[in-house]
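A.B. asks: give me coordinates for this.
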Amino acid sequence: MLRTRRSEILTAFVLLAPFIVIYGLLFVWPTIQMVMLTFTKAPLIGAGDWVGLKNYERLWGDRLFWTATWNTLYFVLLTVIPSTLLGLLIALGVNRLKGWAQSLVLAAFFIPYILPVSVVYRMWGWMLDSEFGILQHPIAAVWGENVPIFRTIPLFIPAVAFITVWWLIGFNILLFIAGLRNISSEIYEAAELDGATRWQTFRRITWPLIWPITVLVATIQLILQLKIFDQIYLFAQGGRVDATLSLVGLIYRSAFQKNQGGYGATVALVLFMLIVVISVLQFQLLRARGQR
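C.D. replies: So this is what the prediction gives:
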């Protein structure tokens, strides 16, 4: 028995060794190097002088860092919950369709997801252009005049969040459709025989059974949106970039534009810890909610 146990452990180690080595070289070692970089005044490439905790002290007093943190969290709030709930509602509607109609509607929602961010930027940039954008007609009907959406600070983050939800919601719908199709039709037939209404069926059957997918979608969206950069960077061109900066945007500016690798690594480490803590807390809270 002992020899068999040792043989199993050796086999498992041999099978896991390539993954462990690659994971260590591509993630663990670079992470350790990044942490060490936060204690230096290093450029983007090359070594730098040891400065201890000065980068963290600078971070605490950096107004731009707090602006970027607020913009990132505000963007997450405007995208994660709406995209998850809308994805579920649309999936429930699509799931009721049959045949080619279901395929057509599902494709219509999923096509934007496969578009690159540059195409999304051009499309919405043209439609919301303050001079000739087609969407300026209903905006002017409400506001009384054309509004430069992407140069109006209070409207910038909500507008980009709306575009992001439109762009990425197809993936959420696809996950929810997969979850709904895994629910046995016999359960719904039994509920119908018992006289359950649609709301009771959803509340007592669909919602509890689809909850694990909801947790997955919300967690994926949270991690994805905390790393927001592309949309904000593109739509903020020519506007007040500082007021619309995200955390990843601050990392890009510090490390790649100002050649402050040490400070950029400090912001990156804070973002990494923020993603880990918020994602774990959200996942645990949602999972605990689903187990009650």
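A.B. asks: what residues are up against the closest residue to Asp49 other than its chain neighbours?
C.D. replies: The shortest distance from Asp49 to any non-neighbouring residue, by C-beta to C-beta, 6 or more residues apart in numbering, is to Lys41 (5.0 Å). Heads up, the C-betas are built off the backbone N, CA and C, glycines and all. Contacts for Lys41 (C-beta atoms under 8 Å, 6 or more residues apart in numbering) come out as 48-49, 51, 54-55, 262.
A.B. asks: turn these into TSV, including neighbour count and secondary structure.
C.D. replies: Output for these, formatted as TSV (neighbours: other C-beta atoms under 10 Å; DSSP: H, G, I helix; E, B strand; the rest coil):
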residue	neighbour count	secondary structure
Gly48	14	coil
Asp49	8	strand
Val51	17	coil
Lys54	15	helix
Asn55	25	helix
Gly262	24	helix
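A.B. asks: kindly list the longest helix within this protein.
C.D. replies: Longest helix in the chain, counting residues (DSSP state H): helix 63-96.
A.B. asks: any idea how far that helix is from the middle of the chain?
C.D. replies: 8 Å (C-alpha atoms, centre = their mean, to the nearest Å).
A.B. asks: buried ones in whichever helix or strand comes after that helix, by neighbour count?
C.D. replies: Using DSSP states H and E, the helix or strand that follows helix 63-96 in sequence is helix 99-110. Within helix 99-110, the residues that count as buried by 16 or more other C-beta atoms under 10 Å are 106, 109.
A.B. asks: which elements pack onto helix 99-110?
C.D. replies: Judged by 3 or more C-beta pairs under 8 Å, 6 or more residues apart in numbering; DSSP states H and E, helix 99-110 is in contact with helix 63-96, helix 153-181.
A.B. asks: can you check what angle separates the last one from helix 99-110?
C.D. replies: For helix 153-181 and helix 99-110, the angle between their directions (axes from the mean of the first three to the mean of the last three C-alpha atoms, to 10 degrees) works out to 150 degrees.
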